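*Asks:* Return atomic coordinates for the entry below.
(chains A, B, C and D)
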Number of protein chains: 2
Amino acid sequence: MASQFTVHGRLWIEGPDGTVLGHGRVELLEKIDALGSLSAAASALGMSYRYAWKLVKSMNEHSDSPLLTLNAGGRGGGHATLTDAGKEAVATYRQTDREFEQFLSEQSEKLPG
Amino acid sequence: MASQFTVHGRLWIEGPDGTVLGHGRVELLEKIDALGSLSAAASALGMSYRYAWKLVKSMNEHSDSPLLTLNAGGRGGGHATLTDAGKEAVATYRQTDREFEQFLSEQSEKLPG
DNA sequence: TATCGTAATGCACAGGTATGCATAACGCAA
DNA sequence: TTGCGTTATGCATACCTGTGCATTACGATA
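*Replies:* Coordinates of the predicted model:
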């Protein structure tokens, strides 16, 4: 019989100069990759464009190579695309996160009563 | 050679009625156990008494059996002691947390670059 | 019963996180 | 060169977490 208690957690990756890549940012990057637009990605996640833009700015500022490129103007008004570094960062985080989910469920099993 | 990136995280245990036991609360419980006083524990942790007391109240309200007992007045002005349930909760959390630290360092090793 | 230091609790406020609104800058395509 | 929808950015605001201050309640012991 399973315990009535469950183990939960949050995971993030820190770089040397304070870079932080956590769940929310990765989700945003993935949506941008899928939709090709920052504003579309933000609203798809129920996040304000204002804040999504700040996240992106912070991510690019703190990485030695930018995780994505934003372009204002042009066909469709503009667009956003992940760089190779961005795609790699997402993949790395996702792999770590998968193992974390596994860890959490194992730990939940171990809890008493 | 180790990666320049490291994996970090936070861990907590949730009970059926929204009980939450995380790092800060456990640390507070341990200090109370060691010092026998809520106000001493709070200031030892650099935490305001006001907030520490709120944490304790919330913990006791959401557990079916209280994790600690507080006594105002009397010799020394009052005192605080962990119940058996409280001590058990701390021990359970610590065990899980130890394995979590292990997990984090393993994951940090695995990171590229 | 008076004292003493802790527990108990309200109120004002600071800081970070996130929203919402308004407006300007941008640059390809029609 | 005009239009369009996106990026870019300031400003006001709300919320949550946590602090700080002030005051009261408490009860064993001297």
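*Asks:* what about the residue of chain A found nearest DNA strand D, how many neighbours?
*Replies:* Of all residues in chain A, A:Gly77 sits closest to DNA strand D, at 2.5 Å by Cβ to the nearest atom of the strand. In short, each C-beta sits where N, CA and C put it, glycine included. Neighbours of A:Gly77 under the rule other Cβ atoms under 10 Å in any protein chain shown: 10.
*Asks:* and it, how far is that from A:Leu70?
*Replies:* 12 Å (Cβ to Cβ, to the nearest Å).
*Asks:* who touches A:Phe5 in this structure?
*Replies:* A:Ser108, A:Leu111, A:Gly113, B:Ile13, B:Glu14, B:Gly15, B:Pro16, B:Thr19 (Cβ atoms under 8 Å, 6 or more residues apart in numbering or on different chains).
*Asks:* Among these, which are located in helices?
*Replies:* Per DSSP state H, helices hold the following members of these: A:Ser108.
*Asks:* Selecting buried members of the contacts of A:Phe5 in PyMOL, what would you type?
*Replies:* To isolate the buried members of these in PyMOL, using 16 or more other Cβ atoms under 10 Å in any protein chain shown:
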select buried, (chain A and resi 108+111) or (chain B and resi 13+14+15+19)
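*Asks:* Make a markdown table out of the contacts of A:Phe5 and add pLDDT and distance to DNA strand D.
*Replies:* Listed next are the contacts of A:Phe5 as a markdown table, based on pLDDT from 0 to 100; distance: Cβ to the nearest atom of the strand, whole Å:
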| residue | pLDDT | distance to DNA strand D |
| --- | --- | --- |
| A:Ser108 | 96 | 22 |
| A:Leu111 | 93 | 23 |
| A:Gly113 | 72 | 27 |
| B:Ile13 | 93 | 16 |
| B:Glu14 | 91 | 14 |
| B:Gly15 | 85 | 17 |
| B:Pro16 | 78 | 19 |
| B:Thr19 | 74 | 14 |
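*Asks:* Just the contacts of A:Phe5: which are in strands?
*Replies:* B:Ile13, B:Glu14 (DSSP state E).
*Asks:* what does the least confident helix or strand in chain A by mean pLDDT contact?
*Replies:* Counting by mean pLDDT, DSSP states H and E, chain A has its least confident helix or strand at strand A:20-22, which shows a mean of 91. Strand A:20-22 is contacted from outside by A:Arg10, A:Leu11, A:Trp12, A:Ile13, A:Glu14, A:Gly15, A:Met59, A:His62, A:Ala89, A:Tyr93, using Cβ under 8 Å, 6+ apart.
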